[in-house]
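Chemist: kindly generate the corresponding structure for this input.
(3 chains)
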Amino acid sequence: MVTQNASLYWFFCEFVVLRLEIAEMAASSSLFSTSFQGVMSFQNTNLCYKEFNCRYSNFIRKQSSHSNSKYLTHSRLFPNERSSEFGQNDKFSQKNGFLCRTLKIENLPSFSVGNKFQLTDVIESQQFDRDLLSAIFEVARDMEKIEKNSPGSQILKGYLMATLFYEPSTRTRLSFESAMRRLGGEVLTTENAREFSSAAKGETLEDTIRTVEGYSDIIVMRHFESGAAKRAAATAGIPVINAGDGPGQHPTQALLDVYTIEREIGKLDGIKVALVGDLANGRTVRSLAYLLARYKDVKIYFVSPDVVKMKDDIKDYLTSRKIEWEESSDLMEVASKCDVVYQTRIQRERFGERIDLYEEARGKYIVDSHVLEVMQKHAVVMHPLPRLDEITVDVDGDPRAAYFRQAKNGLYIRMALLKLLLVGW
Amino acid sequence: MVTQNASLYWFFCEFVVLRLEIAEMAASSSLFSTSFQGVMSFQNTNLCYKEFNCRYSNFIRKQSSHSNSKYLTHSRLFPNERSSEFGQNDKFSQKNGFLCRTLKIENLPSFSVGNKFQLTDVIESQQFDRDLLSAIFEVARDMEKIEKNSPGSQILKGYLMATLFYEPSTRTRLSFESAMRRLGGEVLTTENAREFSSAAKGETLEDTIRTVEGYSDIIVMRHFESGAAKRAAATAGIPVINAGDGPGQHPTQALLDVYTIEREIGKLDGIKVALVGDLANGRTVRSLAYLLARYKDVKIYFVSPDVVKMKDDIKDYLTSRKIEWEESSDLMEVASKCDVVYQTRIQRERFGERIDLYEEARGKYIVDSHVLEVMQKHAVVMHPLPRLDEITVDVDGDPRAAYFRQAKNGLYIRMALLKLLLVGW
Amino acid sequence: MVTQNASLYWFFCEFVVLRLEIAEMAASSSLFSTSFQGVMSFQNTNLCYKEFNCRYSNFIRKQSSHSNSKYLTHSRLFPNERSSEFGQNDKFSQKNGFLCRTLKIENLPSFSVGNKFQLTDVIESQQFDRDLLSAIFEVARDMEKIEKNSPGSQILKGYLMATLFYEPSTRTRLSFESAMRRLGGEVLTTENAREFSSAAKGETLEDTIRTVEGYSDIIVMRHFESGAAKRAAATAGIPVINAGDGPGQHPTQALLDVYTIEREIGKLDGIKVALVGDLANGRTVRSLAYLLARYKDVKIYFVSPDVVKMKDDIKDYLTSRKIEWEESSDLMEVASKCDVVYQTRIQRERFGERIDLYEEARGKYIVDSHVLEVMQKHAVVMHPLPRLDEITVDVDGDPRAAYFRQAKNGLYIRMALLKLLLVGW
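Modeler: Numbering: from 1, shown residues only, chains lettered A, B, ... in the order given. Next up is the predicted model:
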């Protein structure tokens, strides 16, 4: 994996030293320009010391042999170092009026360049094994830094993402669109494709995809039918990301859930997770269970009203993967043992006419201050959101309430996936 | 107030003079790059005289002491000068082949940098006193120039605005989105959050805000409930702008109204304003009355059908602030005395079943060519739009018809507020 | 026509050669910065050979007479050459350590600059004569290269397009928005202006336009009423593009159809075109017939169910222009003779209650593998999309199925029109 890092360029002549200290946020190919910050200075004077920003890419730090000064190593192939390593070069000897200092690049993420991402589409959580998850999470962590330090980051400049939402989902759509824009990309939006598009005139999904792929570089699709994402990916010549297809999959949610657990708990092997609420219909908890099965010594507790119990396929799968699981009706007891209490919403729309069953299921397992009391200090409460009253608002203030951080992690995971699918590792 | 202006940079060596004449449109921190235009030229030759654009920030004009030439003052701290002042430096003495000229920067606005805006959110017009209004209007006037001269202005580059519209309002939404984009920022849009978002699933506004603040840098919210903006601001860790909350406030409309009066009439103290139409339900006229009370010797006339008269709270407030007001049923007489005739739409939706009352109220006070005839030459007709027939279309051609200019002013006011909330004065 | 091309700049001094080899993608005025790629190198060393990107404009290749080296011609006024011509300069003599090479710019389109486009709005296909079509198509072909090579192209940077869609049409809207963004412009979107905007409150189209023109630089409008685009253009001070006005015109569709025929068949004079399906209601085929009448020796075949026959106005027009046409009910026979089989959808919404007539019309002329069998090898099947089953899916795989390429061509035509209306030839 070739990584690319902050680099340094010196431009030197008799009267002038133009010093460029470049913090390359990212560069992937000659098509993409990147931002850098640096300083220009004149020799023997501090008059003209100013920071500036510009967008170059692939600068390297080099120097003419003419000037008798030190040749600075090309940073591009530095193995895996972060900018901190640059601190070593922080002050070079001055020679012939040549002065070099690296400044303020310690927080900038480094991005690997050019290696193709192994997936062409993101359709279901089964695509992700342990190693791939780990590598994606590393990219996502770098994205956290981008988001903080470089609003101007431009890795995906010139790329166009089409959000094809056949079913409105503001949270997921805004998260993807924010991710794309945080990386310098652009967005084509359909907020309600089912009602507003040619689908209403009877066009097949395949035809729509064939058209939209002509207008964009990647498609993020939400659909009301299970399997729709797979059909879209089979048709499209550009990457497709499944942003939820009906009762089917919602893989980016599953990824951000696992990412959040790792960020919050610090590990994935050996964790104890309680899945609470609607385990029958919630695709979130089903996908999460699949992904947790990738890790060692995981124990899963299912806590749900009888009408919405976890289905056998998942239980069988976990058993086949030697993942310990048990069902429980005692949330307090489970909460006291777990690292993660993953609460979910009882979805009224799944109960049809049976409002009575819905009301019964809904009030059964509530995460409130009493549950917090028994939970361990390091444990966290998660929720895919939106929530109604299955987590009481007095929980929000507790540092163990991780659900809004979890939502934010969705941004980083989506930034990582967009980056990987469009420009590779 | 530190202002930042067009600056000039010289790069000089034995064979080459690289002249950068930089018109910095804006720069706020090292995170933001800015555009400049300039020229490069070789010494003793006109061969290489070309304009170019690039995006640097914080350039200063300085020169090596080596070259024995003049040290040009750092322009960043120039007090309040516009670029015109640069004309003084238009030709410097040539020395050692050093040639300097400032060109084509006279129309560029200067922006102050770095001082925090005193508001963290824009929720209601009561937040704005006379001095603050005046300072904001100055920024808005600079925005008028940006809009004309620099489509590429990038003050808000890298910033993301979420427009959370729970109630569709194309005019207000497009105005905010245009403002953000004119300043180089990006936009996340929800055209109809009420129907399309998790709100429909029962999520609280607070939860939605907590999620959306993770995806954006500022939230512009339109809501159907009075007080919603205040609740959102109390929750959000990022700035919130109220783009109208039901019967409550619509502060950016109030600001643009006052800004328009100042632009059109040239002053705010001592003006006479007629508020016409639906004064009971129109939040616009209510907010405007509040803001006009900030000024001296203002006289307000209320002209409205009986069923939609101005309510007592506003009348009492004006009285307490010693603002003269009177009610009148004679539009012609009032129009002949006023500087501003502010017409409003009678909103059918406020009348419920009483179509008869609506029809009666609606036709009562129409601004037409007869009203224009009695109006003074310097006076103007304003309207918050949309209008139906309360201003006849033959008025549109008269230079005193200010309502479309008023709508355009909304752009500048919103540009100013976005700039101030995101990067300060 | 002044064209602007890849240019080259050398910066030379005693210790350093900074070589900028610039491929200017486009530049139109000093307001627009452009991207270039280049290399920097030190003299006598290969250490510092790196590509970079930056956004300058109007660079020229020049060199100080001081350095005794060659003055390179200013490329801006090169007549009509493409970058290939630069190959001639590919290696210059080295002198005083001066080394010059042009690299990798052969595929970049050149754009003419500054000449005003003869149209201020695009309202109906009658605006386009043969010469204008030909010139626009040339620009569209350049756009195909931009789309492939330069996601970062910035011709329309700083421009804002408002898509005012009173009737949802995802395909057309996304196509325009993609076009704008591919050229660096920004977009204000209304997905459903009829329902969501002030139109619902009774505002006239003219008032809406007067407001929206204050927020944007060009308006793309879809409306449900014939003639709406003309009214909008009469009101607006900025360009208006008609993206379909009810049963009226849809000129960009007509242009992309003709463009596709030229791209696929290689000529427009002397072609034989079958128009199939709903010829009475399909504005597409009506506009296409108008435009085909601009060319020589064209023959048009009308193949349609009796209830939706081509109307007399078009037939009379073709006759008056001496364009041969005939009606036929034998699709197989016609298909075997034609260069283009242009199939259209029978629009159910046009039949009202008469579902029986719709069903009868709908199944009558299907393009399937049997039709393909009789078609000539060079001929193509076109369709404005969306399609239902009037072209069977087994046709999709045949290279003569041109309809998805046709949809893609819509992007290039729209890029060309946006460019021409906003910055001229």
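
Chemist: get me the contact residues on the stretch 151-300 of chain A for chain C.
Modeler: Applying CB under 8 Å from any CB of the partner chain, we find that the stretch 151-300 of chain A lies next to chain C at A:157-160, A:162, A:186, A:188-193, A:195-198, A:201-203, A:206-208, A:210-212, A:214-217. C-beta coordinates here come from the backbone N, C-alpha and C atoms, glycine included.

Chemist: now, of the residues you listed, which are buried?
Modeler: Buried by 16 or more other CB atoms under 10 Å in any protein chain shown: A:157-160, A:162, A:186, A:188-193, A:196-198, A:203, A:207-208, A:210-212, A:214-217, out of these.

Chemist: narrow the residues you listed to those in helices?
Modeler: A:A193, A:F196, A:D207, A:T208, A:R210, A:T211, A:V212 (DSSP state H).

Chemist: can I get the residues you listed in a markdown table with distance to C:V367 and pLDDT?
Modeler: As requested, these are exported to a markdown table (distance: CB to CB, whole Å; pLDDT from 0 to 100):
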| residue | distance to C:V367 | pLDDT |
| --- | --- | --- |
| A:A193 | 27 | 76 |
| A:F196 | 28 | 58 |
| A:D207 | 14 | 95 |
| A:T208 | 20 | 94 |
| A:R210 | 17 | 96 |
| A:T211 | 18 | 94 |
| A:V212 | 23 | 95 |
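
Chemist: what is the neighbour count of the closest residue to A:Y290 other than its chain neighbours?
Modeler: Of all residues not flanking A:Y290 in the chain, A:S125 sits nearest, at 5.3 Å (CB to CB, 6 or more residues apart in numbering or on different chains). Neighbour count for A:S125, taken as other CB atoms under 10 Å in any protein chain shown: 25.

Chemist: what pLDDT is listed against A:S125?
Modeler: Per-residue pLDDT puts A:S125 at 92.

Chemist: near chain B, which of the residues of the stretch 151-300 of chain A next to chain C show up?
Modeler: A:T189, A:E191, A:N192.

Chemist: so what's the first one bridging to?
Modeler: In this structure, A:T189 has beta-bridge partners A:T163, where bridges are defined by DSSP bridges.

Chemist: sorry, back to before: and the residue nearest to A:Y290, what does it touch?
Modeler: A:Q249, A:P251, A:A254, A:L255, A:S287, A:Y290, A:L291 (CB atoms under 8 Å, 6 or more residues apart in numbering or on different chains).

Chemist: so how far is A:I241 from it?
Modeler: 13 Å (CB to CB, to the nearest Å).

Chemist: one more: A:I355?
Modeler: For A:I355, the distance to A:I241 equals 36 Å [CB to CB].

Chemist: try A:E324
Modeler: 32 Å.

Chemist: who's more crowded, these two?
Modeler: For A:E324 versus A:I241, neighbours defined as other CB under 10 Å are more numerous around A:I241 (25 against 12).

Chemist: quick check: that one is in a helix.
Modeler: No - applying DSSP: H, G, I helix; E, B strand; the rest coil, one finds A:I241 to be strand, outside a helix.

Chemist: who does it form a beta bridge with?
Modeler: Going by DSSP bridges, A:I241 forms beta bridges with A:V122, A:V220.

Chemist: which parts of chain A are helices?
Modeler: With helices called from DSSP H, chain A shows them at A:130-149, A:170-182, A:193-196, A:205-212, A:228-235, A:251-265, A:283-292, A:312-320, A:331-337, A:355-362, A:369-374, A:403-423.

Chemist: what's the angle between the fifth one and helix A:205-212?
Modeler: Here helix A:228-235 points in a direction 60 degrees away from that of helix A:205-212 (axes from the mean of the first three to the mean of the last three CA atoms, to 10 degrees).

Chemist: near chain B, which residues of the stretch 201-350 of chain A?
Modeler: A:R345.

Chemist: what residue in the stretch 201-350 of chain A comes nearest to chain B?
Modeler: For the stretch 201-350 of chain A, the residue closest to chain B is A:R345, as judged by CB to the nearest CB, at 7.8 Å.

Chemist: surely that residue touches A:D389?
Modeler: No - using CB atoms under 8 Å as the test, A:R345 is too far from A:D389 to be in contact (9.5 Å).

Chemist: the two - which one has more neighbours?
Modeler: A:R345 (24 against 13).

Chemist: distance check, whichever residue of the stretch 151-300 of chain A sits closest to chain C against B:R181.
Modeler: Proximity to chain C, evaluated over the stretch 151-300 of chain A using CB to the nearest CB, is greatest for A:G158 at 2.4 Å. Distance, A:G158 to B:R181, using CB to CB: 17 Å.

Chemist: domain map for chain A?
Modeler: Chain A resolves into domains spanning A:121-249+A:410-423, A:252-347+A:355-408 when parsed by the TED database.

Chemist: can you pull the contacts of A:P384?
Modeler: Counted by CB under 8 Å, 6+ apart, A:P384 has contacts A:Q253, A:D257, A:G282, A:T284, A:T344, A:R345, A:Q406.

Chemist: grab the nearest non-local neighbour of the fourth one.
Modeler: Leaving aside its sequence neighbours, A:T284 sits nearest to A:P384 (CB to CB, 6+ apart; 4.5 Å).

Chemist: one more: A:E206?
Modeler: A:T235 (4.7 Å).

Chemist: what's around the one you found, how many residues?
Modeler: A:T235: 17 surrounding residues under other CB under 10 Å.

Chemist: isn't it up against A:R210?
Modeler: Yes - using CB under 8 Å, A:T235 is in contact with A:R210, at 6.2 Å.

Chemist: surely A:T170 touches B:T190?
Modeler: Yes - A:T170 sits in contact with B:T190 when judged by CB under 8 Å, with a separation of 5.4 Å.

Chemist: ok, of the domains of chain A, where does mean pLDDT dip lowest?
Modeler: Mean pLDDT per stretch puts domain A:121-249+A:410-423 lowest among the domains of chain A, at a mean of 91.

Chemist: first-to-last residue distance for that one?
Modeler: Taking CA to CA, to the nearest Å, the first and last residues of domain A:121-249+A:410-423 lie 13 Å apart.

Chemist: now do the contacts for A:M382.
Modeler: A:M382 neighbours (CB under 8 Å, 6+ apart): A:D257, A:T260, A:I261, A:V340, A:V341, A:Y342, A:Q343, A:A402, A:Y403, A:Q406.

Chemist: most neighbours, which of the residues you listed?
Modeler: Most surrounded of the contacts of A:M382: other CB under 10 Å gives A:Y342, at 31 neighbours.

Chemist: quick check, that residue in contact with A:V276.
Modeler: Yes - if you go by CB under 8 Å, A:Y342 and A:V276 touch, sitting 6.4 Å apart.

Chemist: need the pLDDT of A:N5.
Modeler: So, for A:N5, pLDDT stands at 31.

Chemist: also the one 4 residues further on?
Modeler: Per-residue confidence (pLDDT) for A:Y9: 29.

Chemist: need phi/psi at the residue of the stretch 151-300 of chain A closest to chain C.
Modeler: Note on A:G158: its backbone torsions stand at phi 90, psi -10 [degrees, to the nearest 10].

Chemist: okay, how far is it across stretch A:270-281, tip to tip?
Modeler: Termini of stretch A:270-281 sit 27 Å apart (CA to CA).

Chemist: actually stretch A:191-210, sorry about that
Modeler: Stretch A:191-210: ends 19 Å apart by CA to CA.
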